[in-house]
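Asker: coords please:
(one chain, ligands or ions: 1)
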Amino acid sequence: MGWVGAGVAIATTAYFFYRYPPRSWAEPHSLAPPEPKPETPLAATSDAPVQEKHDSRGPTPPIDSEEDTQSTPKASASSAPLPVFAVPELNLESEGSTYQPATMPSIPQPTNEVNGQSSLEDRRYEGHTSSSKSPSLAAPSQPKQPAVPRSTPASSSSLMPPPPAPRPTPQPNRDPRLQPPRLSGSSLGPPPSAAASQRGAPMSGVRQVNSTLAPTPVSLKKASKRVVLEPGFSPLDWAARAANPNNQLRGKDLPPGLLRVTPSMLRQQHGRKGRDAWTSYNGKVYNISPYAPYHPGGKGELLRGAGKDSGQLFMEIHPWVNWDGILGECLVGILVSENDIQTENALDAMD
Ligand code: HEM
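Answerer: Model (predicted):
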């Protein structure tokens with residue numbers, strides 16, 4: 001009977017406390033689920049959703065601990081850059097897949113970021129102003145979404161820069177690197193072009209070489225005018241013949257000493273009909289017939305000046321040739337005017 005009475009008394013007291021519980025008991029009962037919130041306003045709001053989210057998933061306790069440790073600095077200094085960097089890395093690891101950031105980053109992340117930030121800011125503001133009871137109950141369900149987007153945007157932002165950065169850098173680097181070898185190859189091209197220029201064909205690619213080679217073809221043209229001399233008529237043979245005074249290079253049947261030759265007399269020595277060819281140069285008259293077979297430019301070229309002055313032709317073709325040195329022994333006389341001859345004849349008649 002005593003045990004029955006004690007049980008009835010306990011049941012009565014229990015029913016009394018259940019029916020009329022003290023006010024202090026009622027608060028903890030409603031706050032029991034969100035225990036961490038009453039500690040701090042901002043940190044508790046941000047941490048609470050993450051914990052609940054992972055708790056709902058339930059499989060990864062270590063990740064929750066890491067997020068909590070990192071999320072606390074991030075929540076404390078949300079504007080500071082350091083917490084932002086820490087959060088993205090952990091979230092990527094927590095998600096455990098690199099495919100999500102690569103595919104999801106651009107579109108869903110910015111939307112989540114805005115939503116998450118706004119929701120978090122609103123909740124924080126509520127936490128500061130309003131009491132911890134009602135906001136704490138509403139917060140847990142919503143913060144789960146913002147917590148994930150925050151981590152993903154930060155991670156995506158950190159991941160996004162790398163892809164664009166490598167894209168521009170490799171392209172310009174690769175292009176210039178590939179171009180120099182091409183230029184070097186093109187630079188290797190000139191040798192063949194130079195060979196082509198040596199062949200004499202004017203190429204548009206090698207203008208400088210052509211310009212430099214331009215004079216050479218002119219000289220070749222002059223050389224082309226050179227004739228093949230008969231054996232025994234080389235310049236050395238002429239020098240040997242000119243050195244012998246007995247050869248009478250001035251001409252046969254001429255009086256000793258220099259003659260006074262008028263232009264009319266000169267014209268009569270044209271080199272045809274058995275007559276020697278005379279020409280004048282710098283006021284002196286030369287018999288060029290003995291030199292004709294020795295002339296490198298040919299007999300015909302030399303006789304172009306027969307019976308007249310050859311100074312202009314000579315200077316146009318080979319001004320460097322020593323005329324007197326070659327035809328010194330062929331000197332006939334000096335060129336005088338017709339009036340001078342008439343006065344001399346008149347003076348001779350007076351005598
Ligand atoms: C009407 C007068 C003359 C004409 C048209 C004439 C024309 C030529 C021509 C076309 C050549 C070949 C061109 C060349 O080798 O580059 C030549 C070469 C030559 N002529 Fe004449 N010539 C004339 C008078 C003379 C006279 C009077 C002499 C001697 C005093 C002379 C001595 C030479 C010599 C030495 C060469 C060789 C030049 C060389 O190898 O560079 N020429 N001449």
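Asker: does the ligand sit close to whichever helix or strand Ile334 is part of?
Answerer: Here Ile334, judged by DSSP states H and E, is contained in strand 331-335. No. Counting by C-beta under 6 Å from any ligand atom, the ligand is not contacted by strand 331-335; separation bottoms out at 11.3 Å. Bear in mind the C-beta positions are built from the backbone N, C-alpha and C, glycine included.
Asker: Kindly spell out which helices and strands sit in contact with the helix or strand just after that strand.
Answerer: On the C-terminal side of strand 331-335, the nearest following helix or strand under DSSP H and E is helix 338-350. Helix 338-350 makes packing contacts with strand 259-261 when contacts are defined by 3 or more C-beta pairs under 8 Å, 6 or more residues apart in numbering; DSSP states H and E.
Asker: Buried residues in the strand it packs on, which are they?
Answerer: 259, 261 (16 or more other C-beta atoms under 10 Å).
Asker: repeat for stretch 333-345
Answerer: Result for stretch 333-345 [16+ other C-beta under 10 Å]: buried residues 333, 335-336.
Asker: from those residues, which single one is nearest Pro235?
Answerer: Gly333 (25.7 Å; C-beta to C-beta).
Asker: what bits of the stretch 151-300 of the chain have low per-residue confidence?
Answerer: Low-confidence segments of the stretch 151-300 of the chain, defined by pLDDT under 70, span residues 151-212, 214-224.
Asker: coming back round to it: neighbouring strands of the strand holding Ile334 in the sheet, and parallel or not?
Answerer: strand 259-261 (parallel), strand 284-287 (antiparallel) (DSSP bridges).
Asker: Just the closest residue of the chain to the ligand, please.
Answerer: In the chain, the residue found nearest to the ligand is Gly297; the distance is 2.5 Å by C-beta to the nearest ligand atom.
Asker: Contacts only, for Arg304.
Answerer: Counting by C-beta atoms under 8 Å, 6 or more residues apart in numbering, Arg304 makes contact with 310, 313.
Asker: My error: substitute His295 in the last question.
Answerer: Residues 301-302 are the ones in contact with His295 under the rule C-beta under 8 Å, 6+ apart.
Asker: And the helices in the stretch 201-350 of the chain?
Answerer: 207-213, 215-224, 235-243, 263-268, 299-302, 311-317, 323-327, 338-350 (DSSP state H, counting those that start in this stretch).
Asker: Mind putting those into JSON lines with distance to Tyr18?
Answerer: Below are those laid out as JSON lines (distance: least, C-beta to C-beta, whole Å):
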{"stretch": "helix 207-213", "distance to Tyr18": "110"}
{"stretch": "helix 215-224", "distance to Tyr18": "123"}
{"stretch": "helix 235-243", "distance to Tyr18": "146"}
{"stretch": "helix 263-268", "distance to Tyr18": "159"}
{"stretch": "helix 299-302", "distance to Tyr18": "144"}
{"stretch": "helix 311-317", "distance to Tyr18": "139"}
{"stretch": "helix 323-327", "distance to Tyr18": "148"}
{"stretch": "helix 338-350", "distance to Tyr18": "164"}
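Asker: from those helices, which stretch is densest packed?
Answerer: helix 299-302 (a mean of 16; mean count of other C-beta atoms under 10 Å).
Asker: Packing partners of that helix?
Answerer: Looks like helix 299-302 contacts no helix or strand (3+ C-beta pairs under 8 Å, 6+ apart).
Asker: is it anywhere near the ligand?
Answerer: Yes. Residues of helix 299-302 are located near the ligand by C-beta under 6 Å from any ligand atom, namely 301-302.
Asker: what's that helix in contact with?
Answerer: Against helix 299-302 from outside (C-beta under 8 Å, 6+ apart): 225, 288, 291-293, 295, 317.
Asker: List, out of these, those positioned next to the ligand.
Answerer: 225, 288, 295, 317.
Asker: Could you check how far the third one is from Ala11?
Answerer: So that's His295. Noted for His295: a distance of 155 Å to Ala11, by C-beta to C-beta, to the nearest Å.
Asker: likewise the first one?
Answerer: Distance from Lys225 to Ala11, counting by C-beta to C-beta: 145 Å.
Asker: Could you list the domains of the protein?
Answerer: For the chain, automatic domain parsing gives the domain ranges 39-95+111-165, 235-350.
Asker: beta partners for the residue nearest to Leu259 when sequence neighbours are not counted?
Answerer: Excluding the flanking residues, the one nearest Leu259 by C-beta to C-beta, 6 or more residues apart in numbering is Gly333, at 3.1 Å. Applying DSSP bridges to Gly333 gives these bridge partners: Leu259, Val285.
Asker: rewinding a little: now distance to Asn322 and pLDDT too, for the buried residues of stretch 333-345, in JSON lines please.
Answerer: JSON lines is the format used below for those (distance: C-beta to C-beta, whole Å; pLDDT from 0 to 100):
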{"residue": "Gly333", "distance to Asn322": "20", "pLDDT": "97"}
{"residue": "Leu335", "distance to Asn322": "20", "pLDDT": "97"}
{"residue": "Val336", "distance to Asn322": "25", "pLDDT": "97"}
